[in-house]
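Asks: sequence and predicted structure, then a few things I'm wondering about:
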Amino acid sequence: MYGLPISGSPVLTTQSSDELVGSNLTVAGLPVALQSFVSGSTLYVFDHAELSVPLGSGAALSATDGTLSNFVMPNDTVNLQYRYREDMGRIVINGNGGLPGLNSTNGMAGAQTVAPLPTRYGYVIDKLTENADGTGAAVTANAAGQYLLTFVSGIKTYYVQWKPDPSIHYQLYAQYMNGDGSILFHQTAAVPITFQTAFTVGNKLIPGYRLLPDRNLSEITPTSLKNLVGGVDTNWQANGDYQGIMPNQDVAIAFHYVPGNAESDKSNFTIEYHTGTAAAPGGLVPGTAPITVRYLPETQISRNLSLPTGYQVNGSTPFRVVQGAQPSLPTATNNFVSAVRNVDITGTTLTAEMPNQDVKIEIYLEPDGTGVPFVMSFRDADSLDPALQVLNRSRFQTGRSALRSPRPSRRFTAIAIARRSPALAMRPRGAALSA
């Protein structure tokens, strides 16, 4: 209520005097004790003094205490009044990234208040400063964790300075996969990391594969983690590791690898023909040997099976993968391998997708019922006459077709003689044997 008397204001004794027109006057100002006072809960301070007539040249009216000096008395009545104002202050808290963004409180100048503070997930308040960049006078928390601020006349703004909250952790994940992500070699367990903490995710050895030099297939989540310079993420290290600063959210680094093209990147792919079944495997089919070819990872294999005569692929259990069916265990820390995929036999064609480890497949065969000629000859080993060397020759048909032969069976008895006597060997053809 500007211009009206203030309830509870100091009582000043009215001073008046008659002065000669044109005389030079000096009137003392307010004593210090009267320059401020409290009314209710409001502090009032001296604001300025007012004259009822123009001040005139050469005269002065002090803004500090209202002293009037070098005043020339006019031909008029002069009134001198002292004006007071509320001495209130306002404190503004700028959240500087926290919520609410702005918060303020009013109070009497000189009084203290507990600052109304914002919050920010993942952070705690480090201090309050006069400037947004953290410079200027700083206010820190007291033992109770409160920030005590003193009101001054007018408006005073403080800026919150934040630091990471050590009690909150974010999860770091790492995945290692092939180029299109269809093969997951390994995935690490979540690693808790405090916000703003430096971390490193290591490049791993995956036999037969390489990490692209420009890492253009690898994925970084969130993308804001990348430190792009000229379009290149400089967080990638020369050895393929990835380094970064933990943001206030979970991070996933997906390393993508592509097959190499060197001979050393290949693995052995071996097939063997066996008798028996997958449940009761037998030995190698007679006359066969393991067949091994080397392939790069992810090669799509299609091989025509050259089956031995008289055999066919077992219809119930045609094959068993005895090596290369097991990928790296979750507990592995390096040298990650995948398992052979899409193994199948259609007719006499074997198909599979090559992993980055050696593979061995047993193919189980069974007789196909085809007859095979079997010839047994009885020979006179000592005779020099070709006509006498073959005493008898019998031809047998083996296999299922032999069972269907209409010819009668015969019994042969062979008596082994270690060596004929020279006389018998020289006997003319048709000569009788003597008893």
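Replies: All right, it came through fine.

Asks: okay, now the unreliable bits of the stretch 301-435 of the chain?
Replies: Residue ranges of the stretch 301-435 of the chain with pLDDT under 70: 371-372, 377-435.

Asks: and the helices in it?
Replies: 386-389, 400-403, 422-425 (DSSP state H, counting those that start in this stretch).

Asks: T317 touches P281, doesn't it?
Replies: No - T317 lies out of contact with P281 (C-beta atoms under 8 Å); the separation is 9.2 Å. C-beta: built from backbone N, CA, C; applies to glycine.

Asks: who touches both of those two?
Replies: Common contacts of T317 and P281, defined by C-beta atoms under 8 Å, 6 or more residues apart in numbering, comprise Y364.

Asks: what pairs with the residue positioned nearest the centre of the chain across the strands?
Replies: With distances taken as C-alpha atoms, centre = their mean, the residue of the chain nearest its centroid is A252 (1.6 Å). Beta-bridge pairing for A252 (DSSP bridges): Y173, T221.

Asks: dump the residue contacts of it.
Replies: L172, Y173, A174, Q175, E219, I220, T221.

Asks: most widely separated two among those residues?
Replies: Spatial extent of these (C-beta to C-beta) is set by the pair L172 and E219 at 14.1 Å.

Asks: what about V258, which helix or strand?
Replies: Using DSSP states H and E, V258 falls within strand 251-259.

Asks: whoops, I mixed them up, N216
Replies: Using DSSP H and E, no helix or strand contains N216.

Asks: so what's the residue lying closest to V21 once chain neighbours are set aside scoring on pLDDT?
Replies: Ranked by C-beta to C-beta, 6 or more residues apart in numbering and with sequence neighbours excluded, the top spatial neighbour of V21 is N75, at 4.8 Å. Per-residue pLDDT puts N75 at 91.

Asks: got phi/psi on N75?
Replies: Here is the backbone geometry of N75 (degrees, to the nearest 10): phi -90, psi 60.

Asks: can you list the low-confidence ranges for the stretch 101-250 of the chain?
Replies: In the stretch 101-250 of the chain (pLDDT under 70), the answer is 213-214.

Asks: ok, 90 please
Replies: Filtered on pLDDT under 90, the stretch 101-250 of the chain yields the residue ranges 106-111, 121-122, 152-155, 164, 166-168, 195-196, 211-217, 231-232, 248.

Asks: run through the residues that contact N334.
Replies: Contact analysis of N334 by C-beta under 8 Å, 6+ apart lists K204, L205.

Asks: with N96 instead?
Replies: So N96 contacts A132, Y159, V160, Q161, W162 (C-beta under 8 Å, 6+ apart).

Asks: so which of those residues is the most crowded?
Replies: For those, counting by other C-beta atoms under 10 Å, the largest number of neighbours falls to V160: 24 neighbours.

Asks: surely it touches V92?
Replies: No - distance between V160 and V92: 11.3 Å, which falls outside the contact criterion (C-beta under 8 Å).

Asks: spit out the contact partners of I301.
Replies: F269, Y295, L350, T351, A352, E353, M354.

Asks: swap in Q175?
Replies: Per C-beta under 8 Å, 6+ apart, neighbours of Q175: L184, H186, Q187, T188, A252, I253, A254, F255.

Asks: what is the neighbour count of the first one?
Replies: It stands for L184. Going by other C-beta under 10 Å, the residues that sit close to L184 add up to 14.

Asks: so who does it touch?
Replies: Q175, Y176, M177.

Asks: so T140 makes contact with K127?
Replies: Yes - between T140 and K127 there is a contact at 5.1 Å, judged by C-beta under 8 Å.

Asks: the two: which has the busier surroundings?
Replies: Legend: neighbour count by other C-beta under 10 Å for T140 and K127, higher for K127 (16 against 9).

Asks: checking my notes, that one in a strand, right?
Replies: Yes - judged by DSSP: H, G, I helix; E, B strand; the rest coil, K127 forms part of a strand.

Asks: next one: it from A137, what distance?
Replies: As for K127, its distance to A137 is 10 Å (criterion: C-beta to C-beta, to the nearest Å).

Asks: ditto for A198
Replies: Taken as C-beta to C-beta, the span from A198 to A137 is 32 Å.

Asks: the residue nearest to T200 when sequence neighbours are not counted: what secondary structure?
Replies: Leaving aside its chain neighbours, T200 sits nearest to Q243 (4.9 Å; criterion: C-beta to C-beta, 6+ apart). Assigned with three-state DSSP, Q243 falls in the strand class.

Asks: use 159 as the first number for this chain going forward.
Replies: Let's use 159 as the start, then, which means that last one is Q401.

Asks: so what's Q401 up against?
Replies: A356, F357, T358, V359, N393, Q395.

Asks: any chance of TSV for these, columns distance to S174 and secondary structure?
Replies: Listed next are the contacts of Q401 as TSV, based on distance: C-beta to C-beta, whole Å; DSSP: H, G, I helix; E, B strand; the rest coil:
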residue	distance to S174	secondary structure
A356	79	strand
F357	83	strand
T358	87	strand
V359	89	strand
N393	84	coil
Q395	89	coil
